[in-house]
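*Asks:* What would the 3D arrangement of this be:
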Amino acid sequence: MADSAAPLTALSGHDEFDENISELATPAAGPYKFKKKRSKWPKGTHDQVTRQFLTFAVLGILTVLYFMVMLALVCGWIDGEKFTMAVAAISGPQALAAAVIGFYYGKNGSNDS
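*Replies:* Numbers count the residues shown, from 1 in each chain. The predicted structure follows:
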């Protein structure tokens with residue numbers, strides 16, 4: 001490297017090191033452009049993302065519960081009376097899922113207008 005301050009030049013390619021850059025060089029004027037990685041999380045405010053996560057989590061759990069009860073009935077692990085009792089037991093989580101879905105879509109509808 002040269003002892004005198006060489007002009008600061010940009011990278012010549014994608015992630016290639018430029019040998020003309022000196023430790024004594026001053027940075028170029030203007031803002032630095034950061035490359036932003038694309039987020040895998042859904043976009044929106046924290047409240048919107050939380051509502052969406054809770055909605056899909058409750059619906060996923062309810063779907064698994066219904067699938068397990070139907071599988072048990074089809075495989076013969078439970079009879080008709082126990083199936084009726086299991087469906088009655090799932091009515092609580094089903095009401096919770098209905099409330100969560102109503103809250104999710106109610107809030108989304110009020111934000112649209």
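
*Asks:* number of nearby residues for residue 20?
*Replies:* By the criterion of other C-beta atoms under 10 Å, residue 20 has 12 neighbours. Placement of C-beta: from N, CA and C, glycine included.

*Asks:* Show me how the protein divides into domains.
*Replies:* Domain assignment of the chain by automatic domain parsing yields the ranges 1-35, 46-112.

*Asks:* Do me a favour and average the pLDDT over the shortest one.
*Replies:* Okay, so that is domain 1-35. When pLDDT is averaged along domain 1-35, the result is 61.

*Asks:* got it, and the last one?
*Replies:* In this model, domain 46-112 has a mean pLDDT of 86.

*Asks:* Comparing the domains of the chain, which comes out most buried?
*Replies:* For the domains of the chain, average neighbour numbers computed from mean count of other C-beta atoms under 10 Å are highest in domain 46-112, which has a mean of 13.

*Asks:* Could you check how far residue 99 is from residue 48?
*Replies:* According to C-beta to C-beta, to the nearest Å, residue 99 and residue 48 sit 18 Å apart.

*Asks:* no wait, residue 102
*Replies:* Taking C-beta to C-beta as the measure, residue 102 falls 16 Å from residue 48.

*Asks:* Check residue 105 too.
*Replies:* In terms of C-beta to C-beta, residue 105 sits 12 Å off from residue 48.

*Asks:* One more: residue 84?
*Replies:* 39 Å.

*Asks:* do residue 60 as well
*Replies:* In terms of C-beta to C-beta, residue 60 sits 18 Å off from residue 48.
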